[in-house]
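A.B. asks: Task: produce atomic coordinates for the following.
(chains A and B)
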Amino acid sequence: MNIEVIDSLTEKTWNIRKNIVRMITQAQSGHPGGSLSAVEILTYLYFKEMNIDPSNSKDPNRDRFVLSKGHAAPVLYATLAERGFFSTDELLTLRKINSRLQGHPDMKGIPGVDMSTGSLGQGLSAAAGMALAGKIDGNAYRVFALLGDGELEEGQIWEAAMFAAHYKLNNLTIFIDFNGLQIDGSISEVLSPLPIPEKWRAFGWNVLEINGHDIQEIHCAVQSGKAFQDKPTAIIATTIKGKCIRKMENVAEWHGKAPTISECEEFLFELSRGGL
Amino acid sequence: MAKATREAYGEALEKMGGLCSDIVVLDADLSKSTKTCVFAKSYPERFFNVGIAEQNLAGVAAGLAAAGKIPFISTFAMFASGRAYEQIRNSICYPKLNVKIAATHAGLTVGEDGASHQSIEDISLMRSIPNMTVLVPADGIETHQAIRFAAEYDGPVYIRLGRMAVPDLFTEEYKFEHGKAVCLVEGTDATIVATGIMVHIAKEAAEQLRAEGCNVKVLNIHTIKPIDKEAIVNAAKQTGAIVTCEEHSIIGGLSSAVAEVLVENCPVPMERVGVCDTFGESGIPKDLLKKYGLTVDDVISAVKKVIARKA
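C.D. replies: Got it, this is the predicted structure:
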């Protein structure tokens, strides 16, 4: 990717981060930490990689994305709005009564959401099902999914991991948002899913390890995964929970806490300086 | 002729596979028992074994449906409704995805495998989920038509099937109507409302009662949800007493669904024939039905009891 493309994607990440902070503050509820850690991944997918059309969000030939860590809905909504699936004004209805923007993604309500998620551990199975449907039909679309690292503690993830490798779903690429924290603390203290790459390799996946905030590395990993003929790809993306907001970075408490109004102003100011 | 509803399911699924290329079938290492092996033999490219992993079974089906397929997934009722309950709720029913859960070996008549495999709560679990349709066919012919309905209907369907052979109640002319109760016997003294394998037992009870001069109406409820309110209310008005019969716990299943309709519309004396809030055990089906109170004689005494309660 040339520098202009990276610059343009980086600019989107600042808008998306600001909207994540705004919408969670407005809702006074939501999950900022794990939304901010995944901004570069979603920005790359929705603005560079995925074959999607906001005016035809149900196109059967489109690429699909499943947010298996559904509590990071704000990053998905902010990215979809930035990409033109719906108005950014609507983001401020997050988690409010009568809103399409449910606390966790509801595919029936929002254009661009490919799967309803929220109960951890379930998204990978659905993504594998979509990938299998593409194989059955000989359709070239690709399926992407984003999993949390804490989410790997769910047994269903490993059922799905075995399934995707067994059926050679090379049209499936997943990211693991390896920010190292879950609600109750660090993943290694709560119930360690480590070592992560070795587990996915042992389950028969193509495994890549990257810095999840480096758009160039995300690009290289996604393209490398597409070249594999007989395996699904797991990209272990090392990230920082709460990335780009110093008060939030690597603080487990910000997993599911909303900023106050004054914190919101402070964070937006910090994000606008970063954007310069 | 007698046939297990799971056998009829296997045949019907294979037939539907020929009519609709969007149908795909998934099983969790029980295809020989659930009879999805018949489909697998004819359409191997549309059959997928997920191994012993029921949560993933439900989740993969959700993804297939989201991409336009019509997945039928099968395992024992215990594991479909129990092990994969939350996947069915959140990945299938919440987004109203077009997945058909054909669960076999329901109820006590699994037999020798014992309580761990005897699902007596599945109707209760499945009918309480929004967007879910629940079907319990009573014989092979009704099963064929229920499977066809499920394939044509757009949305999640749970179909409860049995291991044990049951006699034919219907002929090839029978027409399955979704959500409509079927009156098998007319009568005025009481109504037996039955589902699944208990329908033929209820019918036999009504025949024996007739010989004693007691005329009992028999309704077959193949669609537990949405239930036929009109037929139940009319039967209550016409006969003044209801007995429900199901191979399921008396908590949350057919009896609860019928009681909900009655209390809101036409309260009448009601008795319940079902498994009385207890686990089953190993044994042959006949012995189990006897020990747990699901025989013709049990239905007859419930009818007599309910008639005695009529004012």
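
A.B. asks: Which residue would be the closest one in the stretch 151-300 of chain B to chain A?
C.D. replies: Across the stretch 151-300 of chain B, the shortest distance to chain A (C-beta to the nearest C-beta) belongs to residue B:155, at 11.9 Å. (C-beta placed from N, C-alpha, C; glycine too.)

A.B. asks: and that residue, how many neighbours?
C.D. replies: Using other C-beta atoms under 10 Å in any protein chain shown, the number of residues around residue B:155 comes to 16.

A.B. asks: Now do the contacts for the residue lying closest to it once chain neighbours are set aside.
C.D. replies: By the measure of C-beta to C-beta, 6 or more residues apart in numbering or on different chains, the closest residue to residue B:155 outside its immediate chain neighbours is residue B:96, 5.5 Å from it. Residue B:96 makes contact with A:108, B:131, B:155, B:156, according to C-beta atoms under 8 Å, 6 or more residues apart in numbering or on different chains.

A.B. asks: just the buried members of these?
C.D. replies: Buried members of those, counted by 16 or more other C-beta atoms under 10 Å in any protein chain shown: B:155, B:156.

A.B. asks: can you list the contacts of residue B:96 in a markdown table and add secondary structure, distance to residue A:92 and pLDDT?
C.D. replies: Listed next are those as a markdown table, based on DSSP: H, G, I helix; E, B strand; the rest coil; distance: C-beta to C-beta, whole Å; pLDDT from 0 to 100:
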| residue | secondary structure | distance to residue A:92 | pLDDT |
| --- | --- | --- | --- |
| A:108 | coil | 21 | 96 |
| B:131 | coil | 29 | 98 |
| B:155 | coil | 33 | 98 |
| B:156 | coil | 33 | 98 |
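
A.B. asks: In a markdown table, list the contacts of residue B:96 along with distance to residue B:255.
C.D. replies: Shown next, in a markdown table, are the contacts of residue B:96 (distance: C-beta to C-beta, whole Å):
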| residue | distance to residue B:255 |
| --- | --- |
| A:108 | 33 |
| B:131 | 23 |
| B:155 | 25 |
| B:156 | 23 |
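
A.B. asks: where do the strands sit along the chain?
C.D. replies: In the absence of a named chain, chain A is used. Applying DSSP state E to chain A gives strands spanning A:64-67, A:143-148, A:172-178, A:181-182, A:185-186, A:206-211, A:233-238.

A.B. asks: Let me rephrase: I mean chain B.
C.D. replies: B:2-4, B:23-27, B:47-49, B:70-76, B:100-104, B:133-135, B:157-160, B:165-167, B:182-185, B:190-194, B:216-220, B:223-225, B:242-249, B:270-275.

A.B. asks: count of residues packed around residue A:168?
C.D. replies: So residue A:168, with other C-beta under 10 Å, has 16 neighbours.

A.B. asks: One more: residue A:125?
C.D. replies: Neighbour number of residue A:125 under other C-beta under 10 Å is 33.

A.B. asks: Without its sequence neighbours, what residue ends up closest to it?
C.D. replies: Using C-beta to C-beta, 6+ apart, the nearest residue to residue A:125 is residue B:59, at 2.4 Å.

A.B. asks: wait, what's in contact with the residue in the stretch 151-276 of chain A that chain B sits nearest to?
C.D. replies: In the stretch 151-276 of chain A, the residue that lies nearest chain B is residue A:159 (3.6 Å; C-beta to the nearest C-beta). If you count contacts by C-beta under 8 Å, 6+ apart, residue A:159 has them with A:125, B:50, B:51, B:53, B:55, B:56.

A.B. asks: Around chain B, pick out the residues from chain A.
C.D. replies: Residues of chain A lying close to chain B by C-beta under 8 Å from any C-beta of the partner chain are A:60, A:64, A:66, A:106-108, A:114-116, A:118-119, A:121-122, A:124-134, A:136, A:155-156, A:159-160, A:162-163, A:166-167.

A.B. asks: From those residues, list just the buried residues.
C.D. replies: Buried subset of the residues of chain A next to chain B (neighbour count, 16+ other C-beta under 10 Å): A:64, A:66, A:106-107, A:114-116, A:118-119, A:121-122, A:124-134, A:136, A:156, A:159-160, A:162-163, A:167.

A.B. asks: tell me the domain boundaries of chain B?
C.D. replies: B:3-166, B:182-308 (the TED database).

A.B. asks: Next up, the contacts around the residue nearest to residue A:125.
C.D. replies: If you count contacts by C-beta under 8 Å, 6+ apart, then residue B:59 has A:122, A:124, A:125, A:126, A:128, A:129, A:156, A:160, B:87, B:91 around it.

A.B. asks: Quick check: closest non-adjacent residue to the fourth one.
C.D. replies: Pointing back at residue A:126 there. Residue A:126's closest residue in space is residue B:63 (C-beta to C-beta, 6+ apart), at 3.8 Å.

A.B. asks: Run the chain-centre distance for the lengthiest helix in chain A.
C.D. replies: Counting residues, the longest helix found in chain A (DSSP state H) is helix A:3-27. Relative to its chain's centre, helix A:3-27 lies at 14 Å (C-alpha atoms, centre = their mean, to the nearest Å).

A.B. asks: same for that helix, what does it pack against?
C.D. replies: helix A:33-36, helix A:39-44, helix A:73-83, helix A:215-226, helix A:261-275 (3 or more C-beta pairs under 8 Å, 6 or more residues apart in numbering or on different chains; DSSP states H and E).

A.B. asks: Taking helix A:3-27 as reference, get the angle to the longest one.
C.D. replies: Spelled out, it's helix A:261-275. Here the directions of helix A:261-275 and helix A:3-27 differ by 180 degrees (axes from the mean of the first three to the mean of the last three C-alpha atoms, to 10 degrees).

A.B. asks: quick one: buried residues of helix A:261-275?
C.D. replies: Buried, per 16+ other C-beta under 10 Å, within helix A:261-275: A:263, A:264, A:266, A:267, A:268, A:270, A:271.
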